[in-house]
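S.K.: Sequence first, then the predicted structure:
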Amino acid sequence: MTPKSTSAQRQPYETLPAGGSNSSKSRFPRLSRSVPMMRPEYDVVVVGSGYGGGVAASRMARAGKSVVVLEMGKEKWPGEYPSTLTEALPELHVSGNPSSSGKDIGTGKPTGLYNLVLGEGQNAFVAKGLGGTSLLNANVFLECDKRSLALSSWPQELREDVDALDEYYSRAAQMLQPSPYPSDYPPLQKLSVLEKQAKALGYSENFYRVPQTTFFTNEVNNAGVQMHASTGSGQDCTGVNDGSKNSVLMNYLADAWNWGAEIFCECEVRYVKRDPSGKGYIVYYAWHGDGREHFKDSFYNELMWVRARELCFLGAGALGTTEILLRSRAHGLKMSPMVGQKLSGNGDVLSFGYNTDKIVNGVGRENPPASNPPGPTITGVIDNRGPETSPNVLDGYVIEEGAIPAALAEVLQPLLEVLPGKQRPKQYGIKERIRHGFSSTKTRFLGPYAEGSSVNRTQTYLIMSHDSNEGILTLKGDKPHLEFLGVGRTEHVKVLNEVLAKATSAVGGTFINSPFYAAFNQQVEITVHPLGGAIMSSDGTGAEGVTNHVGQVFKSGGEGREVYEGLVCVDGAVIPTALGVNPLATITALAERSVHLIARQKGRDIDLATRNERLNLFGTPARPLPLTPDMEGTVNTLGSEPSTDDSMHFTEIMDGHIYIGDDIEDFTVAENAAKGASSSARFYLSVDAYNVETLIKRSDHSSLATGTFSCGALSKDPLLVLRGEVQFFTPDLSVSNAEQLVYKLTLLSTDGQMYLLNGYKMVDNDITFSVSNTWKATTTLSVTITKPDEDGRVVGRGKLYISWRNFESELKSFGGSGLAPQASFIGNFARNLVDFFVGPFRKMEFAAAPGDSFLVPPGSDGKAGTRIGYLKKPEPLKTVVLKARDGVETTIRVWSPVDTVAGKEEKIPVLMVPGASVDHQIFAMPTIPVNCVDYFTGLGYKVYIVTPRFGITPTVKMSSTPADAALDVLAAMEFLRNEEGGRKFYAIVHCQGAVATSVGMLNGSIPVSWMAGMSVSQVFFRHKFGKVNQVTGGTTVLPKVYRAIAGPWYPVVTPKYSVFQWLVDQILRFYPVGPKEEIFNSAVCHRLSLLFGRLWRHENLNRATHNQMENFITGTHTDFITNLLLMGEKERVLDAQGKDTLLNDENLGRFEGLPILLFSGGSNVVYDPVTTSMCYDDLRERFPGQEQLYRRSVIEGYGHLDNWMGKEAYKDVFPVLSEHLEWCVEREAGRA
């Protein structure tokens, strides 16, 4: 039988049959989920994913517990492992300190697959990835011998019952399925050479083929994962890509996933604390995703966390688990002083038999020849642990052959030839020297795979023995420092080296120690099997160990036996002595035992009987945990996992101050108060756009936010951000033209308190042509924090900012599935900013025909055909067509009061008269929460609104003036009096409606005795244009020129364009409208500004109102414009012919006895606010002694039409009118 041959072992795993259909775009399975989908708490938290972590995850999931696995490394599957030096180097992380006086070293990615930890006396090589070191080890499954288990270092429960692990070794073997290299596979030359060396050493009886967790046939393993026959590539040390390696990823972890465990990678657990409730544990971790590491000052300080309700299993490896415990102790978790003591390198010795007389073929190949593969990395062993060979158990050891991975093939020869301390073979005469030189030259010119080359003749040795077990791991500056004293029992190591030198000489080779041992004067070794650091106590107390025999952590040192219930170590850290053999079988068996005993203590049964069906690794697990409502929302909105080709991410830190309390509403005031109280706050937020195209197209432009929020006034620990949202350039519906970057974050404290953070960055016209304002707009977040479980009670307010330093780090953090989605996101971001920055040069927005714009399309949320932003409002009680005395028809609408009580006296009716080019809608705005009709009908008043001929009526395009419209007002008043039985009414008149009313009152056609009072908006019988209108309206030439070119009608909507109208719109880009926050790109808005002047302060209009202005305002006739200009020039009301025949003492005398409120918007630029002051003065002078009848009010912050159309006019304007109305009613009743 021969290994399965393939021309391309680096194939996507999807091409390997996995059962079921592949619904994922990914080329490889992904058992791990994206960190934003992590829940805040689970029954069980498993730290690490090697043998111990895998066992805990699988067995606890089978016991029905909710389980989360946190792994620091990344998830890689066969087909993804590096095979060349160029591919491997980016995965190499070197850390540590090789001397007590030297500096800490830290190069490469901390989440890299290959981790070299430098220490004093010994270095360690470990793997980081989903599956732990099982991804890179040689798969050798050898049990610890009984004599080693009987050593005094072990707990009494194990050393006095050396068979105690037998049951658990069987459980481990059941999952890992070890088997030796098959006899019907091609013979392996390195295995044959080892056998000859065993014979030469006199240990033939100790030589055999090792059981290894490698598959040599295509079959489904016991976890349900499809495995593939080994090609014998010898690539175990860098990762096997042929799908034959039965790593923990392929068995325990796959099983845990299928039973509902949720797995997350790139999560570096830092420490563990008791839950504030006293039940369970809080596990703090640093997430290495989304470029968070670029914020170096915050990365290890502002940690994310997850709660273990019941159990926390530490399985991060001997070094990783020990480091976590040391840091946990520093953070207040009391434990034995033995933490970090008694580390072992498992007596590992790495050496080489260089340039032997034999063909070894011991260099790995990604695509080996089927007839002559190097074979799995280790296939044979000289097992000298028995009493016959080693009477003293501590002298026992094993020698195994190895294979150099292909990534090191080209550098092996120069490395070995420069190392000192070589031992030549005993027979090294001229003949041997010539042969050695020829073989060495052959490697230089033909490469390491050349038949007969020196590298092709090199045997690799790995010894495992018993060292002194005196390694120490400490924290220095919060970084681990590894120190091995007497690492290898120096004399014993010399004996082992002599054995290897003899074995090498027997095959004519040169013996060379490991590069570290040789280069550092025989003072430094390297281990691939670090053990200890949190050892089991030999006497069951914290005086002799860190954990008890189950792996539970002691609460103290000394004679205490009390342990932390639920905090359990399940990896090589608990092993109290070197094993003298590959440790994976023993680590797994001990973990099986610990988890079994813990489950029994908890009264839980582990279902070991139910076998998995063949797993579809691209599908969903058989028993997934149910999604919480917020997780369902995230999945439905954004998808559960990032897109493989259109995702992007970045991380952001904002800091500032939050005032705790609900009594300050202004953000700046709150911020200053918080500064005084030193109430600082910051968030460390990662933002994921799982599909950039979708993000840009979505109406809310929403992305997923994950991270922490820190505010000592709320919580002593960082608050967790649970699946928050960041919305990019979402229209601010509360203002007419602004975009917001909105932050909606759910915050959870370690003591279970929930908060909601709502923040926004405002981008509006304030940034026009201002770099500093643009920076301020995009880096300033106004924040409100509320309690969702207390009806949204405000907890605090303030502001957060992005510093320049953090902004630089934010830029570095940008990443994703490629440059295209990043460019798309950044391009969209820039376009939105530039749109506001260029101000008048923005793309113009043109309205459709009135009534057709902003309709909800079919298939959208909302009723198709309804207008976007329109609120449900009461319909008029009746609509009646009126005919004025000159035959012109107008319309009046009537609204009933909201609440009427039988027998209760009806309130006085109210007549409202709008201005030019508008209609009843300015008083009955459908786009604001409370319009004028809502307000007054809500107070119990019946409301009548007439639309004069100059409003939105069929007659608007005919020539008319405000004086003509006085007849329409008269007709409306007559109708009202007829409806109300001749009762008096209150009049609310606006702009040209007020002017028209004043004409009727001045000429006597409208008796003032019909009215109980009147509110006059902006202008009455005296006129004073705003400054811009004084300039542009100082002559009637402009409307005449316009009429000559385009006719008598001036439209505000131009759906059918002419060159002239296009030119008008372009010129109006630069029409002076005031400060830059009033610069807009609406053609309707521009045209209205030319026609009347800027009609509002844009900040007072919401988006729905401003965007649909063509539904509320129309154009006008040039004759009407001319009449307005003449009145502005004369500063007084004129008759229909433009003559000054109306305003005189006699006519003004008709106003006697009528209470009048005159009011202006303080920021009105159509008519200067002094206009109403002029009328006010005239009335007071004309009627001395009746000054109390006349009032004037200036509504600060308002312009012209926004007094009616403004979103908060019901707070600022309408109460002024209603107060006057009530006073007039009281006066009529004789009570005022």
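M.R.: Now that the structure is in, tell me what you want to look at.
S.K.: Quick one, grab the pLDDT at the residue nearest to D163 when sequence neighbours are not counted.
M.R.: Leaving aside its sequence neighbours, D163 sits nearest to K146 (C-beta to C-beta, 6 or more residues apart in numbering; 7.9 Å). For the C-beta atoms, the positions are set from N, CA and C on the backbone; glycine is no exception. Note on K146: pLDDT of 95.
S.K.: Also the one 10 residues further on?
M.R.: pLDDT, Q156: 96.
S.K.: can you pull the contacts of it?
M.R.: 538-540, 549 (C-beta atoms under 8 Å, 6 or more residues apart in numbering).
S.K.: State the distance from L412 to N361.
M.R.: 14 Å (C-beta to C-beta, to the nearest Å).
S.K.: These two - which one has more neighbours?
M.R.: N361 (26 against 21; other C-beta atoms under 10 Å).
S.K.: Regarding that one, which helix or strand does it belong to?
M.R.: Assigned by DSSP states H and E, N361 falls within no helix or strand.
S.K.: With the one 4 residues further on instead?
M.R.: According to DSSP H and E, R365 maps onto no helix or strand at all.
S.K.: In contact with it, which residues are there?
M.R.: With C-beta under 8 Å, 6+ apart, R365 has these contacts: 233-235, 373-374, 406, 449.
S.K.: Can I get those in a markdown table including neighbour count, distance to R307 and secondary structure?
M.R.: Listed next are these as a markdown table, based on neighbours: other C-beta atoms under 10 Å; distance: C-beta to C-beta, whole Å; DSSP: H, G, I helix; E, B strand; the rest coil:
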| residue | neighbour count | distance to R307 | secondary structure |
| --- | --- | --- | --- |
| S233 | 28 | 43 | coil |
| G234 | 32 | 44 | coil |
| Q235 | 29 | 40 | coil |
| P373 | 25 | 49 | coil |
| P374 | 29 | 48 | coil |
| A406 | 26 | 44 | helix |
| Y449 | 16 | 53 | coil |
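S.K.: Just put those in CSV and tack on pLDDT.
M.R.: Output for the contacts of R365, formatted as CSV (pLDDT from 0 to 100):
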residue, pLDDT
S233, 96
G234, 96
Q235, 96
P373, 97
P374, 97
A406, 95
Y449, 94
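S.K.: I'd like to know how many residues surround the closest residue to E980 other than its chain neighbours.
M.R.: Residue nearest to E980 in three dimensions, not counting chain neighbours: P909, with 5.3 Å by C-beta to C-beta, 6+ apart. The tally of other residues near P909 (other C-beta under 10 Å) stands at 21.
S.K.: picking that back up, can I get the buried part of the contacts of Q156 as one ChimeraX selection?
M.R.: Remark: buried members of the contacts of Q156, expressed as a ChimeraX selection using 16 or more other C-beta atoms under 10 Å:
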select :538,540,549
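S.K.: In the contacts of Q156, find the pair that's most separated.
M.R.: Pairwise distances across those peak at 10.7 Å for D539 and H549 (criterion: C-beta to C-beta).
S.K.: if we can go back for a sec, out of the contacts of Q156, which comes closest to G982?
M.R.: For those, the nearest to G982 is H549 (102.4 Å; C-beta to C-beta).
S.K.: For that closest one, give me its contacts.
M.R.: By C-beta under 8 Å, 6+ apart, the contact list for H549 reads 155-158, 536-537, 540.
S.K.: Could you dump those into TSV with secondary structure and distance to L253 added?
M.R.: Formatted as TSV, the contacts of H549 follow (DSSP: H, G, I helix; E, B strand; the rest coil; distance: C-beta to C-beta, whole Å):
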residue	secondary structure	distance to L253
P155	coil	28
Q156	helix	33
E157	helix	28
L158	helix	27
M536	strand	25
S537	coil	30
G540	coil	32
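S.K.: Relative to P576, how far out is the closest residue to E417 other than its chain neighbours?
M.R.: Computed as C-beta to C-beta, 6+ apart, the closest residue to E417 that is not its neighbour in sequence is S440, at 7.3 Å. The gap separating S440 from P576 is 45 Å, by C-beta to C-beta.
S.K.: So for the two, which sits in the more crowded spot?
M.R.: Neighbours were tallied for S440 and for P576 using other C-beta under 10 Å; the higher tally belongs to P576 (26 against 18).
S.K.: Check the more buried one and give its pLDDT.
M.R.: P576 is given a pLDDT of 97.
S.K.: what do you get for E1131?
M.R.: You'll see E1131 listed with a pLDDT of 94.
S.K.: My read is that it contacts R1022, right?
M.R.: Yes - between E1131 and R1022 there is a contact under C-beta atoms under 8 Å: 6.3 Å.
S.K.: Of the contacts of H549, which count as buried by neighbour count?
M.R.: 155, 158, 536-537, 540.
S.K.: can I get those in JSON lines with distance to Y755?
M.R.: Converted to JSON lines, these look like this (distance: C-beta to C-beta, whole Å):
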{"residue": "P155", "distance to Y755": "46"}
{"residue": "L158", "distance to Y755": "49"}
{"residue": "M536", "distance to Y755": "43"}
{"residue": "S537", "distance to Y755": "43"}
{"residue": "G540", "distance to Y755": "45"}
